[in-house]
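Asker: Please find the sequence and the predicted model below.
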Amino acid sequence: MASNPAPPPGKPATLPRRALPVGHRQARHHQPQGSHNRRHRRTAKTLKLNLAYIHVNCREYRGSLFMILKRVIQTFTPQFPQRGFSSEELLHILLDQLEDKKLYIILTLDEADSLVKAEGSTSLYNLTRIQEEQPGRPVRLSLIIILREIKNLEDLDRSTQSTLQRNVIRLDHYTTPQLENILRERSELAFKEATVPEEVLNFVADMATPGGDARYAIELLWRGGKYADTEGAREVKPDHIRAAANSVYPVLRTEYSQHLNLHEKLILLALARVLERNNSTYATMGDVEIAYRMACEEHKETYRAHTQVWKYVQNLNATGILSTQLSTTGFRGKTTLLGISSAPASAIRRWLESTLSIRA
């Protein structure tokens, strides 16, 4: 980025158009946003560019390009209308706004796997090719598209795959020493001095190393600190971390759940109950809808019709919380099967029952 010279007056800028990091090293490369804004402001000053950095987690916006673009536009125009435009129209509006403001933006689409699942090739194709419709104009929108799994590109058409795979940065899993360094930095920011022994940091890093996931490691340390607070302990101990590990499944993290609406939670609760009761891998859509209606009655909510329930299921599938597949043998006709592989059904049931009871 910094190696690109500032463009001569009146000439298109030479910012990189897109990069595709793949893997799990997101804790340092793309968070927190504040540090990236400061870094890009320094770079912009060096290049004499009016430059902004915007970070969007696609899963939080249910893999909807419309919602993502609306969020980006409202960064510059807070009073922009909530509805009335298609995603393609929003993309043209965004480029027009950037041109009017003489502004360049670097847009990071984090966890773009959900965008691929929800909308296939069309959205990413439009994002990466839209500026080719305006030859001679500066390239004001540069993209960083983050995928957790490179295999998700296989769901895209060849043209989109070709465009995205020009600049791929593969990010391997974090090693134990790297996780220890990250945890040490975070503990210095979040905990009082001398409350997290070095052996505890090493223990957390060892537990998180098989998946190489810094988010999981940070979650373990945070939860371990909560257990220590509850006990009134002077420092975080290994048993606090063990208790945290026993309670943490990725799908139960706040980052996954905070964007679910009430009926998505009720559908997920219904699915968990059916899977737990039947001790099965998958449940039919029909069985889940029956359990969903019972959950609605339990919480004094009006249940939604099948079409709306199916939309909620698709949203949950896009976030990775549940999976869907068509039935094969053993079922009458073709039906949709729903499953959960990210955590035990009993854990999800208990978590949702607790969450919904607090709401009540």
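Answerer: That came through fine.
Asker: okay, stretch 101-116 in CSV with CA atoms only?
Answerer: In CSV, the C-alpha atoms belonging to stretch 101-116 read as follows (Å, rounded to 0.1, in the frame of the first residue of the first chain):
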residue,chain,number,x,y,z
LYS,A,101,-16.1,13.7,-2.0
LYS,A,102,-12.8,12.9,-3.8
LEU,A,103,-12.5,10.0,-1.2
TYR,A,104,-10.7,6.7,-1.4
ILE,A,105,-11.8,3.8,0.9
ILE,A,106,-10.3,0.5,1.8
LEU,A,107,-13.2,-1.8,2.6
THR,A,108,-12.5,-5.0,4.5
LEU,A,109,-15.2,-7.7,4.2
ASP,A,110,-14.4,-9.9,7.2
GLU,A,111,-15.8,-13.5,7.3
ALA,A,112,-17.0,-13.1,3.7
ASP,A,113,-17.7,-16.9,3.7
SER,A,114,-21.3,-15.9,4.8
LEU,A,115,-21.6,-13.5,1.8
VAL,A,116,-20.6,-16.4,-0.5
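Asker: So for that stretch, what gets flagged as buried?
Answerer: The neighbour-count check on stretch 101-116 (16 or more other Cβ atoms under 10 Å) flags 104-116 as buried. Where you see a C-beta, it was placed from the backbone N, CA and C, and this is true even at glycine.
Asker: Contact partners for Thr175?
Answerer: Contacts for Thr175 (Cβ atoms under 8 Å, 6 or more residues apart in numbering) come out as 209, 212.
Asker: actually Ser123, not the one I typed
Answerer: Contact partners of Ser123, counting by Cβ under 8 Å, 6+ apart, are 65, 87, 115.
Asker: Please repeat the previous calculation with a cut-off of 6 Å.
Answerer: Contacts here follow Cβ atoms under 6 Å, 6 or more residues apart in numbering; on that basis Ser123 touches 65, 115.
Asker: In which helix or strand does it reside?
Answerer: helix 121-129 (DSSP states H and E).
Asker: mind listing which of the buried residues of stretch 101-116 are in helices?
Answerer: Judged by DSSP state H, these include 113-116 as members of helices.
Asker: low pLDDT regions in the stretch 1-150 of the chain?
Answerer: Across the stretch 1-150 of the chain, the ranges flagged by pLDDT under 70 are 1-38, 40.
Asker: Sorry, slip of the keys, the one I care about is the stretch 251-360 of the chain.
Answerer: 251-257, 329-333, 358-360.
Asker: where exactly do the helices run in it?
Answerer: Remark: helices assigned in the stretch 251-360 of the chain by DSSP state H, counting those that start in this stretch are 254-257, 262-278, 285-298, 306-319, 345-359.
Asker: in stretch 196-214, what counts as buried?
Answerer: For stretch 196-214, burial by neighbour count (16+ other Cβ under 10 Å) applies to 196, 200-205, 207-209, 212-214.
Asker: Count the residues that sit near Ala194.
Answerer: By the measure other Cβ atoms under 10 Å, the count of residues near Ala194 is 8.
Asker: what does Glu264 give?
Answerer: 21.
Asker: helix, strand or coil for the nearest residue to Pro197 once chain neighbours are set aside?
Answerer: Closest residue in space to Pro197, ignoring its immediate chain neighbours: Glu235 at 6.2 Å, by Cβ to Cβ, 6 or more residues apart in numbering. In three-state terms, and counting by DSSP: H, G, I helix; E, B strand; the rest coil, Glu235 is coil.
Asker: Quick check: Glu235 touching Thr195?
Answerer: Yes: Glu235 lies in contact with Thr195 (Cβ atoms under 6 Å); the separation is 4.8 Å.
Asker: okay, the helices of the stretch 251-360 of the chain, which one's buried deepest?
Answerer: Comparing the helices of the stretch 251-360 of the chain by mean neighbour count (mean count of other Cβ atoms under 10 Å), helix 262-278 ranks first with a mean of 22.
Asker: Show the secondary-structure elements that that one is packed against.
Answerer: Packing partners of helix 262-278 (3 or more Cβ pairs under 6 Å, 6 or more residues apart in numbering; DSSP states H and E): strand 282-284, helix 285-298, helix 306-319, helix 345-359.
Asker: Remind me what the longest one packs against, helices and strands.
Answerer: Taking 3+ Cβ pairs under 6 Å, 6+ apart as contact, the helices and strands that helix 345-359 lies on are helix 262-278.
Asker: For the helix it packs on, what is the distance to the chain centroid?
Answerer: Chain-centre distance of helix 262-278: 22 Å, with Cα atoms, centre = their mean, to the nearest Å.
Asker: Stretch 305-322 now?
Answerer: How far stretch 305-322 lies from its chain's middle: 16 Å, per Cα atoms, centre = their mean.
Asker: And the contacts of it?
Answerer: Here stretch 305-322 makes contact (Cβ under 6 Å, 6+ apart) with 59, 62-63, 114, 117-118, 251, 263-264, 267, 324, 338, 340.
Asker: Pipe these into TSV and attach distance to Thr302 per row.
Answerer: Formatted as TSV, the contacts of stretch 305-322 follow (distance: Cβ to Cβ, whole Å):
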residue	distance to Thr302
Arg59	28
Arg62	22
Gly63	27
Ser114	28
Lys117	29
Ala118	26
Val251	27
His263	10
Glu264	15
Ile267	14
Thr324	25
Leu338	22
Ile340	25
